[in-house]
Each structure stands twice: as structure tokens, then as C-alpha cells.
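[1] let me see the structure of the following:
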Amino acid sequence: MEYSALYKYYDGLMSDYPYRKMFGFAVAKLRAANAEKGFEFACGTGVMTAMLAAEGFRLAASDISTDMLNIASEKVLKFGADSPDTATGKTLIFRENAVFLRMDVNKPVLNGKYDFIVSFTDGFNYVSSLTRLDKLFKMCADALSAGGILLFDMSTPHKARTLLSGRLRFEDGGELTVFWENSKFGEKSRKIDMRLTFFEKKVNGAASGKGEIYERCDERNAQYFYETRDVGLLLKKHGFKVEIFNENLKKYTSKAKRLVVCAKKT
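    Okay, the predicted model is just below:
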């Protein structure tokens, strides 16, 4: 599902995602595997893309939203302007380290071989069935070199049931007001439909003397939540050695809100 409006507000809504922690975790795993060339699914506005490119990794990053990709491309260029290499202290020129392409994670295409494949910020929660997730994992296994790494995170059914199902979230930031309404979690469909409504201030009442004017944008999408056991079994089916952590990168338990997976192709 392509975002029509969310791209403008995405970074603000994702401000609680642990980008730095996930980046450090990913770099450690990729360095240990001597990985250099990779592919990223559902890159969004390219926060992790830019950080990985600045670290010297070469990757192709994909997303279904052209608007997201445009922001990601700009972010990679800006991020590199004063980003020193952590090992040498020299400023990296990495504009050629990241290329972008439009792709639906439900209709993936991977050409060539990669040392690593990644997806962050719950990108695989947009895969709409276990059958499609199975096909995606097989494609990743086929595209990875021996010893290659598949690293991703996903929100869990526990989070869906306890924190997301049937909830209305409201945030008023002055310049932007957001209503986020979720459907009930479908135990059979594994799905939550999400409806977001944004009101962005366009005219300040004090300045205009005519009252404040807001622009309304509406967005609908859906996420799918799969049991950790099923995710692990599918990965092992396609020849991966699997490590699974919780959102704090500690031992995974059934109460985890997010699973973080590092799977190595054997």
C-alpha cells in the first residue's frame, strides 16, 4: 500500500524508533560477516539508509512510495556532508553508496547477489500473508551470498493485541494534529487496519486576523502480525541460522513488542 500523505509526517511519527541502537546492532552484525553490499526493503524516508551509507556500506534501498524515496535520496546527500567515517575520522563521500528504487515488499524482485539484506521500522509487517513472507524469505536466501545476513525487525502479535488493537491515538503538536485510529486485531487475518488523519496549520490566526486554517490529509494502511515461531520456522526452512531478540536487543520473550531478527545464510 502506497502512502499518499504520510511521507510528509513520517519522521515525526517514527521519532520513538531506536534508530541509533538498531544502527549499532546492525553495523556490528554486518561487520562481523564482512558484509559490504546490501539491499534494503521498505526504507521509508531513508534514515537507516543514510546512516549505513555513511558507514561505508553500499546498498540499494527500496520503498513503495515515490515521495518517501525522494526524501530518502535527499537525506543521503545531506547526511554525508559532515559525516566522518567512524574508523578513520575522514569524511566519507558516499553519494554512490546508495541507490533507490520503487518496490512493493509484497511483490519483491532481487537481481544479483548481496552480502546483506535489511528492513527496519517494521517494514515486513506490511507483508500481507505468511505465504508471501515465505516467498520473500526464499528470495532473500537465493539472493544472499554464503554467510550473508538477513536482518530485520517486526512488531509482534503481543503488541498488536495489547497496544494497537482498537486504539485511538491523538497527538496535538500545535502546528500538526494527528488522529490515529486502529481496527481490532484480526486473529485470523493477522491484520490491523489503520486510519490516520492529519491537520496541519497553514495560517496562523493571530497573524491573519481571520482565525487559524488547517489542511486535512487522510491516510489508510494496514499491518500484519505473525507469530515469532512461524517467522523462525520459515527462515530455517530456507537455510538460515536464526537469532531473535526483543526490542531492547535482549533475550526474546512472548511479551516482546518487537522482534529483531539476525538470520545468517548457511
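
[2] and the helices in the stretch 151-266 of the chain, which stretches?
    Secondary structure of the stretch 151-266 of the chain (DSSP state H, counting those that start in this stretch): helices at 157-159, 205-208, 228-237.

[3] how about the CA coordinates for the longest one, as PDB?
    Listed in PDB are the C-alpha atoms of helix 228-237, where the atom choice follows Å, rounded to 0.1, in the frame of the first residue of the first chain:
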ATOM      1  CA  THR A 228       7.600 -15.400  16.100                       C
ATOM      2  CA  ARG A 229       7.600 -19.200  15.900                       C
ATOM      3  CA  ASP A 230       6.200 -19.100  12.400                       C
ATOM      4  CA  VAL A 231       8.800 -16.500  11.300                       C
ATOM      5  CA  GLY A 232      11.600 -18.600  12.700                       C
ATOM      6  CA  LEU A 233      10.400 -21.800  11.100                       C
ATOM      7  CA  LEU A 234      10.100 -20.100   7.700                       C
ATOM      8  CA  LEU A 235      13.600 -18.700   8.000                       C
ATOM      9  CA  LYS A 236      15.000 -22.100   9.000                       C
ATOM     10  CA  LYS A 237      13.100 -23.700   6.100                       C
END
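
[4] what helices or strands is it leaning on?
    helix 130-143, strand 240-245, strand 258-265 (3 or more C-beta pairs under 8 Å, 6 or more residues apart in numbering; DSSP states H and E). C-beta here means a position set from N, CA and C on the backbone, and glycine is covered the same way.

[5] please repeat the previous calculation with a cut-off of 10 Å.
    Here helix 228-237 touches helix 130-143, strand 144-155, helix 157-159, strand 240-245, strand 258-265, going by 3 or more C-beta pairs under 10 Å, 6 or more residues apart in numbering; DSSP states H and E.

[6] so what's the residue count around the residue nearest to Phe245 when sequence neighbours are not counted?
    Among residues not flanking Phe245 along the chain, Val260 sits closest, at 4.4 Å (C-beta to C-beta, 6 or more residues apart in numbering). For Val260, the count of nearby residues is 24 (other C-beta atoms under 10 Å).

[7] is it true that Val260 touches Val231?
    No. Using C-beta atoms under 10 Å as the test, Val260 is too far from Val231 to be in contact (11.3 Å).

[8] list the residues that contact both of those two?
    Listed as contacting both Val260 and Val231 by C-beta atoms under 10 Å, 6 or more residues apart in numbering are 152, 154, 244.

[9] so what's the second one up against?
    Translated: Met154. 119, 122-127, 133, 223-226, 228, 231, 258-261.

[10] how close does it sit to Thr177?
    Distance, Met154 to Thr177, by C-beta to C-beta, to the nearest Å: 29 Å.
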